[in-house]
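Engineer: below: sequence and its predicted model.
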2 protein chains.
Amino acid sequence: MSTGVRRRMGVDERRQQLIGVALELFSRRSPDEVSIDEIASAAGISRPLVYHYFPGKLSLYEAALKRAAEDLAGRFAEPHEGPLGARLLRVMRRYFDFVDEHGPGFSALMRGGPAVSADGVGAKDHVSATNALIDSVRQAAYEQMLTHLGVTEASPRLELVVRSWISLAESTALLWLDGRRIPRAELELQLVHDFAALAAVGATHDPDIAALLRGMAKDEPADGPFAELVGRLIALGS
Amino acid sequence: MSTGVRRRMGVDERRQQLIGVALELFSRRSPDEVSIDEIASAAGISRPLVYHYFPGKLSLYEAALKRAAEDLAGRFAEPHEGPLGARLLRVMRRYFDFVDEHGPGFSALMRGGPAVSADGVGAKDHVSATNALIDSVRQAAYEQMLTHLGVTEASPRLELVVRSWISLAESTALLWLDGRRIPRAELELQLVHDFAALAAVGATHDPDIAALLRGMAKDEPADGPFAELVGRLIALGS
């Protein structure tokens, strides 16, 4: 029997709702431009009630960032099956899905350095907390990559190749968001090609990476993204 | 006639001295760990006198960052003569000189997102000011690269290649500082190779980049870094 009266939410449920509302608003405008009033209004509750669940905008922002970070880290999970090029391409697609869904929030976070710029006491802790979250996502991406490469202990140069490629994926996504002048599907493929290119350069400096690359190449099908790059490079040279 | 009495410095001279002292301290420890007392002591003046020239640590930090940014941007200047590979390699050497000289200060700035983490009113302006400075250095690097490539208007994809390579140079330098496990000279060369590799990938997606790359290759000597990469890649495949 419907009463027409809104059901009362539990504390955790209400917090999750507010986080979802905040993320939805941050996906359309920079967190700096979204007020607690707007969040309250979009959630259908009063401003003081928002403060009941989150002591301030920073704590709501941090909770939203935490959920987004977990979401993103989850998208890196990819079965260890089939050729590596195709796996990487699927992960890049899910990465761009995330970037697409969180556009302005993602930009503000990664460009502003850490997060919503904060004034007042607590700003410093906030900077540390958001940096730690960003680093944890980068670390999750790094560890995922190593497991897909079948490596438990990376040489310094392999670590450099993987970590610097992750930062390349970040900067590519940020540049894409700034005007979206290149179709994202092309950039997803390009990032897979960039990984192969950076790994090839690394391989010319490090025999371990060379061995890894040979193993990867062996399993790549003729229609995979790595073989496609080789075909494109050969066409370029001819 | 020496009087044994310290000469009084003018306001600007004293400010420049304090900036130099601060940069020297930040080159050995993170700015977060350096106190105004230490800066005063290293400069041979009292703590209140430091505050006479800079209202707070943030303003001294910002002035130091401004000088370092100008210094770095100056190191990008390279005569438009000779093959591009050798030019890029010289710039990478000067870039790593800078990173080497400013180690902990550079790390703290680029890792902490923007700069010394600040608490209190003004923190937000500080974040904006340091971000603007970092962006101005990136922009200077980008514009220098375009002039060396002989391009006045970059296609979206060329812009992406150049800007994402600049971010790769940043992350490579940061990873190098964290333990210095790879000789810097190897990384300077690797970054030149990385540029060639990323440009080659870009060229397979964009005919303008392909034309640019052909023009570059034409002028490269057999003992230049680009030719060396090609030789290394061929050796890898054989």
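Structural biologist: All right, it came through fine.

Engineer: so which helix or strand takes in A:Thr172?
Structural biologist: helix A:156-177 (DSSP states H and E).

Engineer: oh sorry, the question was meant for A:Glu38
Structural biologist: When secondary structure is defined by DSSP H and E, A:Glu38 falls within helix A:36-43.

Engineer: also A:Asp208?
Structural biologist: helix A:207-219.

Engineer: packing partners for that helix?
Structural biologist: Secondary-structure packing of helix A:207-219 (3 or more Cβ pairs under 8 Å, 6 or more residues apart in numbering or on different chains; DSSP states H and E): helix A:84-101, helix A:156-177, helix A:184-205. Any C-beta I mention is one placed from the backbone N, CA and C, and that applies to glycine too.

Engineer: how close does the spatially most central residue of chain A sit to A:Arg138?
Structural biologist: The residue lying closest to the centre of chain A (Cα atoms, centre = their mean) is A:Leu72, at 5.0 Å. As judged by Cβ to Cβ, to the nearest Å, A:Leu72 and A:Arg138 stand 10 Å apart.

Engineer: quick one: low-confidence ranges for chain A?
Structural biologist: When residues are selected by pLDDT under 70, those of chain A lie in A:1-7, A:112-121, A:237-238.

Engineer: buried sites along the longest helix that it contains?
Structural biologist: Longest helix in chain A by number of residues, with DSSP state H as the criterion: helix A:123-149. Judged by neighbour count (16 or more other Cβ atoms under 10 Å in any protein chain shown), helix A:123-149 contains these buried residues: A:123-124, A:126-127, A:129-131, A:133-134, A:137, A:140-142, A:144-146, A:148-149.

Engineer: tell me the helices and strands packed up against whichever strand or helix holds the residue nearest to the centre of chain A.
Structural biologist: Using DSSP H and E, A:Leu72 maps to helix A:57-75. Packed against helix A:57-75 by the contact rule (3+ Cβ pairs under 8 Å, 6+ apart) you find helix A:11-26, helix A:36-43, helix A:84-101, helix A:103-111, helix A:123-149.

Engineer: and the contacts of the fourth one?
Structural biologist: Contacts with helix A:103-111, where a contact means Cβ atoms under 8 Å, 6 or more residues apart in numbering or on different chains, come from A:23, A:26-32, A:64-65, A:68, A:98-99, A:115-116, A:130, A:134, A:170, A:173-174, A:177-178, B:131.

Engineer: if any of the residues you listed are buried, put those into a PyMOL selection.
Structural biologist: The following PyMOL line selects those of the contacts of helix A:103-111 that are buried, judged by 16+ other Cβ under 10 Å:
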select buried, (chain A and resi 23+26+30+31+32+64+65+68+98+99+115+116+130+134+170+173+174+177) or (chain B and resi 131)
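
Engineer: buried ones in stretch A:58-70?
Structural biologist: For stretch A:58-70, a neighbour-count test (16+ other Cβ under 10 Å) marks A:Leu58, A:Leu60, A:Tyr61, A:Glu62, A:Ala63, A:Ala64, A:Leu65, A:Ala68, A:Ala69 as buried.

Engineer: check the offset of stretch A:78-90 from the chain's centre.
Structural biologist: Offset of stretch A:78-90 from its chain centre (Cα atoms, centre = their mean, to the nearest Å): 18 Å.

Engineer: same question, stretch A:89-107
Structural biologist: 6 Å.

Engineer: may I have that stretch exported as PDB, CA atoms only?
Structural biologist: What follows is stretch A:89-107, C-alpha atoms only, in PDB (Å, rounded to 0.1, in the frame of the first residue of the first chain):
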ATOM      1  CA  LEU A  89      42.300  -2.200 -25.200                       C
ATOM      2  CA  ARG A  90      39.300  -3.400 -23.100                       C
ATOM      3  CA  VAL A  91      40.700  -1.800 -20.000                       C
ATOM      4  CA  MET A  92      41.400   1.500 -21.900                       C
ATOM      5  CA  ARG A  93      37.700   1.500 -23.000                       C
ATOM      6  CA  ARG A  94      36.500   1.100 -19.400                       C
ATOM      7  CA  TYR A  95      39.000   3.800 -18.400                       C
ATOM      8  CA  PHE A  96      37.600   6.300 -20.900                       C
ATOM      9  CA  ASP A  97      34.000   5.300 -19.900                       C
ATOM     10  CA  PHE A  98      35.000   6.400 -16.400                       C
ATOM     11  CA  VAL A  99      36.700   9.600 -17.600                       C
ATOM     12  CA  ASP A 100      33.700  10.300 -19.800                       C
ATOM     13  CA  GLU A 101      31.200   9.800 -17.000                       C
ATOM     14  CA  HIS A 102      33.200  11.900 -14.500                       C
ATOM     15  CA  GLY A 103      34.500  14.600 -16.900                       C
ATOM     16  CA  PRO A 104      34.600  17.900 -14.900                       C
ATOM     17  CA  GLY A 105      35.200  16.200 -11.600                       C
ATOM     18  CA  PHE A 106      38.100  14.100 -13.000                       C
ATOM     19  CA  SER A 107      39.600  17.200 -14.700                       C
END
